[in-house]
Structure formats: C-alpha cells, structure tokens
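Student: Take this sequence and fold it.
(2 chains)
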Protein chains: 2
Amino acid sequence: MRKMLTENQGHLVASNKEYAKHFTSGHLPIPPAKKYLVVTCMDARIPPMAAYGIELGDAHVIRNAGGNARDAYRSILISQHMLGTTEILLIKHTQCGMLTFTNEQGRKIVNGHQGHEVCGPDFDFQPFSDLEASVREDVKWLKECGGVVKGGMVSGWVYQCEDGMVKQIC
Amino acid sequence: MRKMLTENQGHLVASNKEYAKHFTSGHLPIPPAKKYLVVTCMDARIPPMAAYGIELGDAHVIRNAGGNARDAYRSILISQHMLGTTEILLIKHTQCGMLTFTNEQGRKIVNGHQGHEVCGPDFDFQPFSDLEASVREDVKWLKECGGVVKGGMVSGWVYQCEDGMVKQIC
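Tutor: Below you'll find the model as predicted:
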C-alpha cells in the first residue's frame, strides 16, 4: 500500500502534474546553451530564474547556504570541465541567514538540538559578517582555486531582498 | 571607469531591472513558511520552482551536481537547525550528467584541461551509475547522518527530463 503523502509531498505531486501538462522542453541538450553558471543562496525568498533572468537550458544553477564558492567547488568543476561552462556569476544577498550566527553558536545550536556532537569543534558553517567582503573573498578564492577553466570569467554580485535589484561587487 | 559587461552579465542586469520593477516580496521573512527544503540538481533544464510547485518564501532550494545529499549537508544543517525546516525532498533526475562519467575519467579530464593536478587520486565527483539506487542511497545517508532534525521527514524522488513528471522513489 502506498504511504500517505505529507502536505509538502502532496503539493509537489499536484503542482508537478499541472506543470507536466504544459511541458515542452524535452528537446533541450544537457550542456547549458549560454555556457554560464550561477552560484547563489538557497534562501526561500530568491527566485533565481525570474530575478536573474535565467532561461531554461541556458545555465547551471548551484544553490547552497550563503551562495558559498567552496561548497560549490565539486559542482563547478563538473559544470566547467564536463559540461562546457566558461563563466561564473556568484550572487549573494542582503538579509542572508549566514550573517546572523558564528561557527561557535551554530555548533552549539545543532549539537543542542540533536543531543550529541554532530558538529565537532572544526565544523565550519562558513558564516560571514560582511556581505560585500564575502563576495569579494569568494570570487578571489575561485580565481585562485586552480579549478576554474582557463580564460574563464568570474564576477561577484549582491541581490537585494529589499527591492529585488542586483548590483555588481567585483 | 566601469568594466565592460560580458553578454551573460549584461543579460543579468537587464532582466533583473525588469524583474525589480514588479518586485512585491520584500515583506517575506527569512525562515521558509512551509518548513521544507528541496535538494535537486544544478541541471540547466530543471526549473525547480515551476516544476516542483515551490512558491516564493516557502522552501529552501539547494542545488548541486547530481542533487547530492553529502554536498548539501552544511546547507541542510543550517536550513533545519537555524531556520526551522523539518522536511527534505531530495529530487534527482533522468539524463543526469553524473550518470555519464567515472571518478577516474573526471579526474583525467579536469587535470588534462588545467595542465596540472587539480584533482588528486581521492577526489570524488560523486558520480553514479544507477539513478534510483542513488536516490535511495542519498535518502538513507541523510536518515543516518545524525544531522537531520529529530522527527524530520526525508523522501526521494526522480524528475523525468523527458516529460517533466516527478515520481516518488522512497
């Protein structure tokens, strides 16, 4: 017998059924047509395709807590070396959760919830206290990491949750 | 003087300007309203919000190469323990690039492009050869990793790039 679906699972199934009725993009190839990738935050308030103008099939979209470059490294290598992208747009945002806690606080919260040590003293949540400095640092890290494709472009941006605008940092 | 924008950067700026004109979501709080998070692939052909019915403000969306659970771990800890999500929908997809190469091939390609060793012999791209088995394995890993919030739900799905449908695996 089929398991009961949770509310969120049921919503996925129902809305996907509607989406699939109008599905027309089965012809798209795997490599992104415009050869770029976006690294941005997982934040629930950001709709990357709409806010950043990403058309279906054009770009890889990597999302994690903070729009973090190091965390995206494996994906970036695959995007660039297996699937031909040559440009990275790294887009962090204002009001990011990563601005609100330190590593020590984070470890205490997680370990407290779980009742045992899930995050050891070296666990790095990669929080930051200065948004624009963090964009610059991640772009610098990408340029120096050795894995970005030769001649590849990397730029850094901030999305403003207050008004929906992006601005270039570097 | 302002640097010339690349074509993709120019497209970001121009389409974001249009987006911001109709921006109305500045009131949304940071924690996802429906307390769930989606882990899915960075693939350019997947529009998660449309295909999975994710409304703005409702869910964190984590994307990486393959919709990989281990890679998403830091983000999942933050989503659940700092921002209150309690449910994970892990959604991999057919025709995934991760089905097309082995670790050894990946390391050879990257190191060959860069002209020096970027990926050592232990570098793991987390490729897989059986899609549904990989979904099950990632869900199992999440359930056993110790970091998923107590009482939290985890389910595994496949999105079909051929017809836009999702199906539940576990």
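
Student: what's across from the most centrally placed residue in chain A in the sheet?
Tutor: Central residue of chain A (C-alpha atoms, centre = their mean): residue A:63, 1.6 Å from the mean position. Following DSSP bridges, residue A:63 is listed with bridge partners residue A:40, residue B:63.

Student: Surely it is in contact with residue B:59?
Tutor: No: with contact defined as C-beta atoms under 8 Å, residue A:63 does not reach residue B:59; the gap is 11.4 Å. (Glycine included, C-beta is placed from N, CA and C.)

Student: next one: phi and psi at residue A:123?
Tutor: Per-residue torsions, residue A:123: phi -60, psi 130 (degrees, to the nearest 10).

Student: Could you count how many residues lie near it?
Tutor: The local packing of residue A:123 (other C-beta atoms under 10 Å in any protein chain shown) involves 16 other residues.

Student: and it, what does it touch?
Tutor: For residue A:123, the contact set (C-beta atoms under 8 Å, 6 or more residues apart in numbering or on different chains) comprises A:103, A:106, A:107.

Student: out of those, which are buried?
Tutor: Among those, those classed as buried by 16 or more other C-beta atoms under 10 Å in any protein chain shown are A:106, A:107.

Student: could you pick out which of the contacts of residue A:123 are near chain B?
Tutor: residue A:106 (C-beta under 8 Å from any C-beta of the partner chain).

Student: distance of residue A:130 from chain B?
Tutor: From residue A:130 across to chain B, the span is 18 Å (C-beta to the nearest C-beta, to the nearest Å).

Student: Per-residue pLDDT of that residue, please?
Tutor: At residue A:130, the model reports a pLDDT of 98.

Student: Check residue A:3 too.
Tutor: Residue A:3 carries a pLDDT score of 72 in this model.

Student: neighbours around it, how many?
Tutor: Number of residues near residue A:3 (other C-beta under 10 Å) recorded here: 9.

Student: Now it: which helix or strand?
Tutor: Following DSSP states H and E, there is no helix or strand that holds residue A:3.

Student: same deal with the one 10 residues further on?
Tutor: Secondary-structure element containing residue A:13, defined by DSSP H and E: helix A:7-21.

Student: all helices for chain A, in order.
Tutor: Counting by DSSP state H, chain A has helices at residues A:7-21, A:48-52, A:73-77, A:103-114, A:131-144.
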